[in-house]
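Chemist: Let me see the structure of the following:
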Amino acid sequence: MFRCCARRLTATLFLVLVAVGCTYLLAALSLDPRATYVDRNPPPPPAEVRAVLDAYNLNPDTPVVERFARWAQGVAHGDLGRTVSGAPVGPEFLRRAATSARLVLIATVIGSAGGILLGSWSASLRGRRRGRALTMAAFTVLATPVFVLALALQLWARNINDLVGSTVFEYTGEYAPGTTGTWDRLISRTQHAVLPAATLIAFQVALFSLYQRQTMLDVAHEDFVRTARAKGLSRRTALRRHALPVAVLPLLPLLTYNAVLTFTGAVFIEKIFGWHGMGEWLVDSVLAQDVNVVAAVGLFTAVLVLVAGLVADVLHLVLDPRSRTP
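Modeler: Numbering: from 1, shown residues only. The predicted structure is shown next:
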């Protein structure tokens, strides 16, 4: 198993390096950090702008290959460069990554587990009214734009708070300003995470339930399931004990890579609920013509893709010993 993972790691690492290079080159060629200074009133002298951009490795007049080599050298030493305003990218990068991780990990664990269980149950109810209702509900959630669901939950929280007369649900920000004490901060962060996490969980459950239902139905008529039924097991028990472990295997890449996409894809949720995570940072950095931040987010995403691929391979090798053969 170690050799299989090592071979796949080598191949994936090369693709990650290519992806990071393409992300930086695309950002450096399409964004113009100089516009941030030129639009100021009064505009600073051109010589001063060039000197600042040279110091931050953001000058568009410098060959892009030279800028990339300097940026890559800094990354190798743990330096992600500086923003267009001169602040170091690293500390903000870590804070944004931690903010998104809290939200995404909760949604991924609960949403994927709930989706798999709901999809398995829906497959066991095939042809029944409840099974059709579950499938229709999942399609309805996926067809609803994420910002519509987020705004609906936010409006619902406001109405509940007004009805009760106290703050039951927090619907903006990561935590309450001025909160002191470890326990109070933990409670505050949990309250603020409920609604954005619920939005992501709803889509995760709907997505994985549909995939899981289909994969369960694909293996429901396999020989090993029929053998289990012939030994006296009910259809639902045979599906749960024997079909479910096999039906989960095709979902492993989706489970891992979907978590990666959610890190930078939850832009609407972070904007609506006031969570300052990676997705919001990426959009704001593009608008601010901030090349180094866009490159840092690209590096972060590429590394996550590498890790997600390794996790999917390891889980597949553990759950399916047949894949360990070269």
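
Chemist: how close does the most centrally placed residue in the chain get to P33?
Modeler: Closest residue to the average C-alpha location of the chain: T262 at 2.1 Å, with C-alpha atoms, centre = their mean. Distance, T262 to P33, by C-beta to C-beta, to the nearest Å: 29 Å. Where you see a C-beta, it was placed from the backbone N, CA and C, and this is true even at glycine.

Chemist: and what of A143?
Modeler: As judged by C-beta to C-beta, A143 and P33 stand 40 Å apart.

Chemist: which of the two has more neighbours?
Modeler: The neighbour comparison of A143 against P33 (other C-beta atoms under 10 Å) goes to P33, with 24 against 8.

Chemist: Identify the residues contacting the more buried one.
Modeler: Counting by C-beta atoms under 8 Å, 6 or more residues apart in numbering, P33 makes contact with 53, 56, 58-60, 84, 289-291.

Chemist: Only whichever of the residues you listed are buried, select them in PyMOL.
Modeler: Selection of buried members from these for PyMOL, criterion 16 or more other C-beta atoms under 10 Å:
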select buried, resi 53+56+58+59+60+84+289+290+291
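
Chemist: with the contacts of P33 in mind, which one is nearest to G131?
Modeler: Comparing the contacts of P33 against G131 with C-beta to C-beta picks out D290 as the nearest, at 49.1 Å.

Chemist: what's the closest non-adjacent residue to that closest one?
Modeler: V84 (4.6 Å; C-beta to C-beta, 6 or more residues apart in numbering).

Chemist: Pull out the buried positions in whichever strand or helix holds W183.
Modeler: Following DSSP states H and E, one finds W183 within helix 182-219. Residues 188-189, 191-213, 215-217, 219 are the ones in helix 182-219 that count as buried (16+ other C-beta under 10 Å).

Chemist: and it, what does it pack onto?
Modeler: The contact analysis (3 or more C-beta pairs under 8 Å, 6 or more residues apart in numbering; DSSP states H and E) places helix 182-219 against helix 89-124, helix 129-143, helix 146-164, helix 244-248, helix 252-265, helix 267-273.

Chemist: Excluding residues flanking it in the chain, which one is nearest V293?
Modeler: S285 (3.8 Å).

Chemist: swap in A198?
Modeler: Of all residues not flanking A198 in the chain, L153 sits nearest, at 6.4 Å (C-beta to C-beta, 6+ apart).

Chemist: on that earlier part again, kindly reformat the helices and strands packed on helix 182-219 as JSON lines containing mean pLDDT and distance to D184.
Modeler: JSON lines is the format used below for the helices and strands packed on helix 182-219 (pLDDT from 0 to 100; distance: least, C-beta to C-beta, whole Å):
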{"stretch": "helix 89-124", "mean pLDDT": "88", "distance to D184": "17"}
{"stretch": "helix 129-143", "mean pLDDT": "90", "distance to D184": "34"}
{"stretch": "helix 146-164", "mean pLDDT": "88", "distance to D184": "19"}
{"stretch": "helix 244-248", "mean pLDDT": "78", "distance to D184": "40"}
{"stretch": "helix 252-265", "mean pLDDT": "78", "distance to D184": "28"}
{"stretch": "helix 267-273", "mean pLDDT": "87", "distance to D184": "20"}
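
Chemist: Of those helices, give the one that comes closest to V16.
Modeler: Here helix 252-265 is closest among the helices and strands packed on helix 182-219 (C-beta to C-beta), at 11.9 Å.

Chemist: Pull the closest one out as PDB, backbone CA atoms only.
Modeler: Extracted in PDB, the C-alpha atoms of helix 252-265 (Å, rounded to 0.1, in the frame of the first residue of the first chain):
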ATOM      1  CA  LEU A 252     -14.500   8.500  -2.000                       C
ATOM      2  CA  PRO A 253     -13.000  10.900  -4.600                       C
ATOM      3  CA  LEU A 254     -16.200  13.000  -4.500                       C
ATOM      4  CA  LEU A 255     -16.000  13.200  -0.700                       C
ATOM      5  CA  THR A 256     -12.400  14.400  -0.600                       C
ATOM      6  CA  TYR A 257     -12.300  16.700  -3.600                       C
ATOM      7  CA  ASN A 258     -15.700  18.300  -2.700                       C
ATOM      8  CA  ALA A 259     -14.200  19.400   0.600                       C
ATOM      9  CA  VAL A 260     -11.400  21.100  -1.300                       C
ATOM     10  CA  LEU A 261     -13.700  22.900  -3.600                       C
ATOM     11  CA  THR A 262     -15.800  24.100  -0.700                       C
ATOM     12  CA  PHE A 263     -12.800  25.900   0.900                       C
ATOM     13  CA  THR A 264     -12.700  28.500  -2.000                       C
ATOM     14  CA  GLY A 265     -16.200  28.000  -3.300                       C
END
